[in-house]
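A structural model of the following input is requested.
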Amino acid sequence: MSKILRINMGAEGGPQVSETPLGEYEGLGGRGLTSAIVSKEVPADCHPLSGENKFVIAPGLLSGTYGAMTGRISVGCKSPLTGGIKEANAGGQPAQVLARLGYAAIVLEGKPKDDTPYKVYINKDGVKVVPDNTLKMLPNYDLIEKMKGEYGEKIACISIGPAGEMKMAAASVACTDMELRPTRHCGRGGVGAVMGSKGVKVIVLDDTDMPVRQAKDPERFKEANKKFVQGLQQHAVTGQALPAYGTNVLTNIINEVGGYPTYNFKQGQFEGASKISGETEAELEKQRGGNPTHGCHRGCVIKCSGIYHDKDGNYLTKQPEYETVWAHGGNCGIDDMDAIAKMDFLDDNYGLDTIEMGATIAVAMDAGLARFGDAEAAIRLIEEVGKGTHLGRILGNGAAFTARAFGIERAPVVKGQALPAYDPRAVHGIGVTYATSPMGADHTAGYAVAQNVLKVGGDVDPLKPEGQIELSRNLQIATAAIDSTGMCLFIAFALLDQPETFQAMIDMLNAFYGWNMTVDDFIEMGRKILKMERDFNARAGFTSKDDRLPRFFKTEPLPPHNITFQVKDEELDQVFNW
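Next up is the predicted model:
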């Protein structure tokens, strides 16, 4: 994994392929590498859909190894949704396969002169970039079936659906799972629109006859990995709750503490929460022959992805995750698990971020386009997006755009990106992360819910402003570093509670690369990544005024606690003063 594959899609005479050494990017992977390339090589004031923007795909530092939990892949670009730097990541197989093919990153550059879709095929023999008009506007599931027919089933794919081709700001990038289903999505920030602007419909990866990446100290790596896995399996969250119920185990928990945003962030509890909880979902999956315990990539030991079947026992979608169930469920007043699963499938098939779409539909419901609780109407709205109708194009550009189009004041967004499934008035720490992350509102950027609600790694009162700045700061730094390793962020639960598991992860990196990294060095890596990202955003025109929640969080008390967001603006400005 010592080289960067660059594909200039705007070259005279057609796409040009070249390989360059890592050079100054040596020692970076995942988010660290995508953000470094975007920050250095992309003009911060460029249009996100222009040829000047670059679309970067990077496996993590440990992807392609025997290490557990190392299958996350990052994509980076200037975001058409936020106007700032963006990294979005996903599980699935592509990270492992791309790393074993020897590439630290793929960089799509330039912009083709017409709208011909291209497929990129990469195997041990090289790279082929082929125009193929038969791919135009194919939804993701049909597209992947077509790729299986052409290239066999020992592949992994990175693709966009119709939303990406239409360059919608809510468009995602799909990654295939172990069953070659396009179910794992780099969802946030409209990254699919940028891939679409480069004219690339699908990247097919085939690592046949390519070896697993080998550590410099194999025995030490093996021993560290063993300790790391033991730590994950012994922790209550990563060893019990997530495997049994998936991420949707959070529905009852967050609803109980009054932080579950309902009816477009008007209240903090949903009466129908028990009908769409992780416990209910898992039981339904078992009854129908699905499975709540399933890994999305080789080497996953948490196995929280799950398989969801319809009433007839046929595959419908992967297990809808907590954020998806909330976005299309409680936030829209919908308590029908099958309807939510159908919307999850449609989002994946069209290539849409489930968080952004759910938040957008709730805004549309506020605007009177549908009633809260009307599942069939919500499904129809997503279908409008897939068809690219005039209404669909409005909705497909996200919650902020839809609010402006229909004159809705209450748009739950930061930097143009919709808030996820925790209300900042009831979970103050996550509110700080939403406001200040360079990525726009993003729970994964600094998951303060861990200490605010789950009491993992500490206990900070979620209803008070005290301690939230330091909490979010520390978590944002650690997250940026974890996102660079290729590790799933869910390992953080064990890392926060078990210093020996944190050390085992550091030992894996050291054994693999021959480094002498300390925990302090790891944290410093996170700081450097955030500094690059914030520097890009500053050059793009962002100021401290962009690090704010929408005003209604300060003025509208949230039931049942009936409090507002209490962290002051001057405190938010201290998050990155380290």
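
Doesn't T433 lie inside a helix?
Yes. Counting by DSSP: H, G, I helix; E, B strand; the rest coil, one finds T433 located in a helix.

roughly how far apart are the spatially closest residue to G199 that is not a sequence neighbour and P43?
Using Cβ to Cβ, 6 or more residues apart in numbering and skipping the chain neighbours, the partner closest in space to G199 is P112 (4.0 Å). Just so you know, the C-beta spots here come from the backbone N, C-alpha and C atoms, and that holds for glycine as well. According to Cβ to Cβ, to the nearest Å, P112 and P43 sit 20 Å apart.

quick one: which of those two has more around it?
Applying other Cβ atoms under 10 Å to P112 and P43 shows that P112 carries more neighbours, namely 20 against 13.

For T262, what are phi and psi?
Dihedral pair for T262: phi -130, psi 140, per degrees, to the nearest 10.

so it touches G272, yeah?
No. Using Cβ atoms under 8 Å as the test, T262 is too far from G272 to be in contact (9.2 Å).

How many residues are close by E219?
Neighbourhood size, E219 [other Cβ under 10 Å]: 9.

Work out for me the element it sits within.
According to DSSP states H and E, E219 maps onto helix 218-234.

Now do the buried residues in that helix.
In terms of neighbour count (16 or more other Cβ atoms under 10 Å), helix 218-234 has its buried residues at F221, A224, N225, K227, F228, V229, Q230, G231, L232.

just checking, what packs against the strand or helix carrying A481?
Per DSSP H and E: A481 is located in helix 468-485. Using 3 or more Cβ pairs under 8 Å, 6 or more residues apart in numbering; DSSP states H and E, the elements in contact with helix 468-485 are helix 30-41, helix 428-436, helix 491-497, helix 519-539.

want to try CSV for those, with mean neighbour count and mean pLDDT as columns?
Converted to CSV, the helices and strands packed on helix 468-485 look like this (neighbours: other Cβ atoms under 10 Å; pLDDT from 0 to 100):
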stretch, mean neighbour count, mean pLDDT
helix 30-41, 24, 98
helix 428-436, 29, 98
helix 491-497, 24, 93
helix 519-539, 18, 97
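
could I get these as a markdown table with distance to S472?
Output for the helices and strands packed on helix 468-485, formatted as a markdown table (distance: least, Cβ to Cβ, whole Å):
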| stretch | distance to S472 |
| --- | --- |
| helix 30-41 | 17 |
| helix 428-436 | 4 |
| helix 491-497 | 14 |
| helix 519-539 | 12 |
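
so which of the ones you listed comes closest to R288?
For the helices and strands packed on helix 468-485, proximity to R288 was assessed by Cβ to Cβ; helix 491-497 is nearest, at 29.0 Å.

show me where the stretch 151-300 of the chain has strands.
Using DSSP state E, counting those that start in this stretch, the strands of the stretch 151-300 of the chain run over residues 156-159, 173-175, 184-186, 200-205.

Out of these, which is the most enclosed?
strand 173-175 (a mean of 32; mean count of other Cβ atoms under 10 Å).

who does that one pair up with?
strand 156-159 (antiparallel), strand 184-186 (antiparallel) (DSSP bridges).

K303: which of those strands is closest?
Across these, K303 has its closest neighbour in strand 184-186 (13.6 Å, Cβ to Cβ).

Give me the contact list for the closest one.
73-75, 88-92, 172-177, 192, 296-297, 305, 318, 348, 351, 353-354 (Cβ atoms under 8 Å, 6 or more residues apart in numbering).

For that strand, give the mean pLDDT please.
What strand 184-186 shows for mean pLDDT is 98.

how does the chain divide into domains?
3-205, 244-423 (automatic domain parsing).

Distance to I506 for the ones you listed - can I get that in CSV?
What follows is the domains of the chain, written out as CSV (distance: least, Cβ to Cβ, whole Å):
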stretch, distance to I506
domain 3-205, 11
domain 244-423, 18
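
between these, which one is nearest to G526?
Nearest to G526 among the domains of the chain is domain 3-205 (8.7 Å), distances taken as Cβ to Cβ.

The closest one spans what distance, first to last residue?
16 Å (Cα to Cα, to the nearest Å).

starting at the chain centroid, how far to it?
Distance, stretch centre to chain centre, for domain 3-205: 14 Å (Cα atoms, centre = their mean, to the nearest Å).

One more: stretch 300-312?
18 Å.

likewise stretch 300-314?
The answer for stretch 300-314 is 19 Å, by Cα atoms, centre = their mean.

Mean confidence (pLDDT) on that stretch, please.
93.

thinking again about what came up before, if you count contacts, what does the helix holding E219 end up packed against?
helix 491-497, helix 499-513.

what does the first one contact?
The reference is to helix 491-497. Under Cβ under 8 Å, 6+ apart, the answer for helix 491-497 is 69, 231-232, 234-235, 237-238, 447, 450, 454, 456-458, 478-479, 482, 501-502, 505.

For that helix, list the C-alpha coordinates in PDB.
Extracted in PDB, the C-alpha atoms of helix 491-497 (Å, rounded to 0.1, in the frame of the first residue of the first chain):
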ATOM      1  CA  ILE A 491     -14.000   0.000  18.900                       C
ATOM      2  CA  ALA A 492     -14.000   3.400  20.800                       C
ATOM      3  CA  PHE A 493     -16.400   2.000  23.400                       C
ATOM      4  CA  ALA A 494     -13.800  -0.600  24.500                       C
ATOM      5  CA  LEU A 495     -10.900   1.800  24.000                       C
ATOM      6  CA  LEU A 496     -12.500   4.400  26.400                       C
ATOM      7  CA  ASP A 497     -13.000   1.800  29.200                       C
END
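
ok, for I477, nearest residue in space, not its chain neighbours?
Excluding its sequence neighbours, the residue lying closest to I477 (Cβ to Cβ, 6+ apart) is G526, at 3.9 Å.

ok, now how distant is the closest residue to A241 other than its chain neighbours from V129?
Spatial nearest neighbour of A241, chain neighbours left out: V249 (4.9 Å); criterion: Cβ to Cβ, 6+ apart. Distance, V249 to V129, using Cβ to Cβ: 43 Å.

between the two, who's got more neighbours?
Neighbour count, other Cβ under 10 Å: between V249 and V129, V249 has more, with 22 against 19.

Report the contact partners of the more buried one.
Per Cβ under 8 Å, 6+ apart, neighbours of V249: A241, L242, S277, G278, E279, Y322.

ditto for N264
N264 touches N331, A359, A362, V363, M365, D366, R410, P412, counting by Cβ under 8 Å, 6+ apart.

From E356, how far off is it?
Distance, N264 to E356, using Cβ to Cβ: 14 Å.

Give me the common contacts of the two.
With Cβ under 8 Å, 6+ apart, N264 and E356 have no common neighbours.

circling back: now the buried residues of helix 218-234 as a markdown table including distance to N8 and pLDDT?
Shown next, in a markdown table, are the buried residues of helix 218-234 (distance: Cβ to Cβ, whole Å; pLDDT from 0 to 100):
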| residue | distance to N8 | pLDDT |
| --- | --- | --- |
| F221 | 37 | 98 |
| A224 | 40 | 97 |
| N225 | 38 | 97 |
| K227 | 44 | 97 |
| F228 | 40 | 96 |
| V229 | 42 | 95 |
| Q230 | 46 | 96 |
| G231 | 44 | 96 |
| L232 | 41 | 95 |
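
more neighbours, T262 and G272?
A side-by-side neighbour count of T262 and G272, using other Cβ under 10 Å, places T262 first with 25 against 16.

Neighbours of the nearest residue to that one once chain neighbours are set aside, how many?
Excluding the flanking residues, the one nearest T262 by Cβ to Cβ, 6+ apart is F270, at 4.3 Å. Residues lying near F270 (other Cβ under 10 Å) number 23.

Spell out which residues sit in contact with F270, please.
Contact analysis of F270 by Cβ under 8 Å, 6+ apart lists N255, Y260, T262, G329, G330, G333, D335.
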